[in-house]
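S.K.: Here is the input, now give the coordinates:
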Amino acid sequence: MGPHPAVAAIRLAVRRVLHEVLTDHAELLSATSHASPLPHPSSTSHTSPTPHSPLADDAYPLVLVACSGGADSMALASALAFEAPKLRVRAGAVTVDHGLQAGSDLRAAEVVARLRAMRLDPVESVAVTVGLESTRVAHSGPNAGGGGRRAGGPEAAARDARYAALDDAAERHRAAAVLLGHTRDDQAETVLLGLARGSGIRSLSGMAAVSGTAGRYRRPFLQLDRQTARKACLVQSIPVWDDPHNADPAYTRSRLRHEGLPALEKALGKGVVEALARTAQLSRDDADALDAWAADAEGTVRDETGQLACARLYALPPAVRRRVLRRAAIAAGAPAGSLFARHIEEVDRLITGWRGQGAINLPGRVEARRQGGRLVIRQG
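M.R.: This is a model prediction of the structure:
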């Protein structure tokens with residue numbers, strides 16, 4: 001008899017992602033010629049890699065799983081531990097201790113022990129300090145040191161610290177990918193949060209299956225619901241830890257998870273989560289197409305001096321024109337994370353509602369001004 005359906009589902013999801021990682025890694029090796037070609041998985045034995053075996057060579061990619069100890073990430077770790085040896089992939093794990101609760105260091109140590117029991121290697125705990133004004137990152141590995149500082153609110157600061165720590169771990173271990181346990185439920189929540197901000201189709205596209213520098217982050221579970229991951233842990237007798245912050249109404253996502261989504265399902269019926277996740281994928285496809293259109297159009301709306309021509313910009317569809325304006329503002333020095341829809345709308349009015357208005361001030365000391373039929377965007 002085969003594995004439980006929930007276990008089969010998480011393993012299949014991870015197997016598909018590992019095949020993608022292997023393909024990308026083989027192409028990279030072929031392009032750089034720094035290692036011999038990667039053997040096809042079917043022609044190799046299923047022996048688990050060890051640090052002193054040939055699998056420790058860079059020809060065999062290392063895939064890390066980010067694991068909090070919760071059901072989603074523990075299910076992901078178990079599936080990686082099962083599938084990686086069969087595909088001659090080295091598998092490790094990182095758990096991030098945010099230090100936000102008493103005893104968090106002990107809990108992180110427990111997670112590390114469970115991950116090592118799955119024969120993942122390397123496994124490490126990464127300690128970060130999260131603050132409203134800044135975040136510092138330090139890791140417990142042999143090359144421990146300081147990290148960067150990032151601003152943000154409580155949830156954003158914790159997220160920034162976590163990704164900074166994961167980036168650091170991936171760089172140190174030269175990992176080909178880092179797996180994240182976000183599920184279809186997480187995707188639905190992300191779409192609703194974007195909708196509430198009114199921040200456009202890109203926010204409605206939710207989380208990408210592949211993101212980060214060189215496609216570092218992979219999300220195998222975006223098509224699986226949270227209950228599947230939890231059931232997979234239950235039938236495999238894998239201990240999980242439920243973070244009390246996930247049930248704390250002080251956090252926006254927690255309120256959405258425990259109050260908002262249930263209210264929507266009560267009012268609209270079952271299937272809201274699936275519909276929102278489907279909306280995310282459709283929105284991402286549309287946003288990607290519009291971004292590509294804008295990238296192509298940018299070269300056609302500049303005059304012989306290289307300046308943006310207002311008449312040519314006006315002829316573009318609004319969604320494409322605003323993307324061209326956003327690209328131009330970022331190229332001039334405006335920080336992408338601080339450039340909001342309201343900023344681009346004001347710049348757009350210099351094209352569509354010109355009445356002799358003055359310059360528009362943008363983040364990063366960037367200024368947009370209309371001069372003689374041209375739109376000039378530059379740092380002041």
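S.K.: can you give me how far stretch 311-322 is from the chain middle?
M.R.: 30 Å (Cα atoms, centre = their mean, to the nearest Å).
S.K.: What's the end-to-end length of it?
M.R.: 14 Å (Cα to Cα, to the nearest Å).
S.K.: In the chain, what residue spans correspond to helices?
M.R.: Ranges of helices in the chain, per DSSP state H, are 5-32, 71-83, 104-117, 154-173, 184-197, 201-204, 226-235, 252-255, 261-268, 272-298, 310-314, 318-332, 341-352.
S.K.: Find the one among those helices with the highest mean neighbour count.
M.R.: Most buried of these by mean neighbour count (mean count of other Cβ atoms under 10 Å) is helix 71-83; its value is a mean of 26. C-beta here means a position set from N, CA and C on the backbone, and glycine is covered the same way.
S.K.: Now do that helix: which elements does it pack against?
M.R.: helix 5-32, strand 62-66, strand 90-97, helix 226-235 (3 or more Cβ pairs under 8 Å, 6 or more residues apart in numbering; DSSP states H and E).
S.K.: Turn those into a markdown table, including mean pLDDT.
M.R.: Shown next, in a markdown table, are the helices and strands packed on helix 71-83 (pLDDT from 0 to 100):
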| stretch | mean pLDDT |
| --- | --- |
| helix 5-32 | 93 |
| strand 62-66 | 98 |
| strand 90-97 | 95 |
| helix 226-235 | 97 |
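S.K.: Now render the ones you listed as CSV, adding distance to Val126.
M.R.: Output for the helices and strands packed on helix 71-83, formatted as CSV (distance: least, Cβ to Cβ, whole Å):
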stretch, distance to Val126
helix 5-32, 22
strand 62-66, 10
strand 90-97, 5
helix 226-235, 22
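S.K.: Among these, which comes closest to Arg326?
M.R.: helix 5-32 (28.9 Å; Cβ to Cβ).
S.K.: low pLDDT regions in the stretch 51-200 of the chain?
M.R.: Low-confidence segments of the stretch 51-200 of the chain (pLDDT under 70): 51-58, 100, 131-154.
S.K.: returning to that earlier point: let me have the helices of the chain in TSV, adding distance to Ala91 as columns.
M.R.: Shown next, in TSV, are these (distance: least, Cβ to Cβ, whole Å):
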stretch	distance to Ala91
helix 5-32	9
helix 71-83	5
helix 104-117	10
helix 154-173	11
helix 184-197	23
helix 201-204	33
helix 226-235	17
helix 252-255	29
helix 261-268	33
helix 272-298	27
helix 310-314	50
helix 318-332	37
helix 341-352	41
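S.K.: Of all those helices, which one is nearest Gly92?
M.R.: The nearest among the helices of the chain, by Cβ to Cβ, is helix 154-173 at 6.7 Å.
S.K.: The closest one relative to strand 90-97, how many degrees between them?
M.R.: For helix 154-173 against strand 90-97, the angle by axes from the mean of the first three to the mean of the last three Cα atoms, to 10 degrees is 150 degrees.
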